[in-house]
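S.K.: here is a sequence together with a model predicted from it:
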Amino acid sequence: MILIINANGFRLCNDGYWRNFAMFGNVKGCVKQYRYKGHALRRAKHLGGIVVQVPQGMEVDASGVVIETIPVGADKVRYQHHKLSSFPVH
């Protein structure tokens, strides 16, 4: 998942606004997701944002926290939280 964030950690949405809390989807108020890094890098350069890529197997919640699920035992998992700014694309 490739997203654009600003210096405050707000995410770029489909309508062009920066939001701290936004859902994922196709509605204008939802977070804009990019398929290609090149498109995101060009848009971020134009807006002054930072491109981040969330690794496979991790999820992002509506508040922008990246959640990693780590198996601990046979039936147990542990959740570790990360900031979106921890995964910048260069």
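M.R.: Great, that's in hand.
S.K.: give the contact list for the closest residue in space to residue 64 that isn't next to it in sequence.
M.R.: In this structure, residue 64 finds its nearest non-sequential neighbour in residue 84, 5.4 Å apart by Cβ to Cβ, 6 or more residues apart in numbering. Yep, even glycine has a C-beta here, placed from its N, CA and C like the rest. Residues near residue 84 by Cβ atoms under 8 Å, 6 or more residues apart in numbering: 3, 5, 9, 11, 52, 54, 60, 64-66.
S.K.: over to residue 89?
M.R.: Residues counted as contacts of residue 89 (Cβ under 8 Å, 6+ apart) are 2, 37, 40-41, 51-53.
S.K.: of these, just the buried ones, ChimeraX syntax please.
M.R.: Here is the ChimeraX command that selects the buried residues among the contacts of residue 89 (16 or more other Cβ atoms under 10 Å):
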select :2,40,41,51,52
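S.K.: can you list the contacts of residue 89 in JSON lines and add distance to residue 18 and secondary structure?
M.R.: Below are the contacts of residue 89 laid out as JSON lines (distance: Cβ to Cβ, whole Å; DSSP: H, G, I helix; E, B strand; the rest coil):
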{"residue": "2", "distance to residue 18": "16", "secondary structure": "strand"}
{"residue": "37", "distance to residue 18": "20", "secondary structure": "helix"}
{"residue": "40", "distance to residue 18": "15", "secondary structure": "helix"}
{"residue": "41", "distance to residue 18": "18", "secondary structure": "helix"}
{"residue": "51", "distance to residue 18": "14", "secondary structure": "strand"}
{"residue": "52", "distance to residue 18": "14", "secondary structure": "strand"}
{"residue": "53", "distance to residue 18": "19", "secondary structure": "strand"}
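S.K.: right, I'll leave it there.
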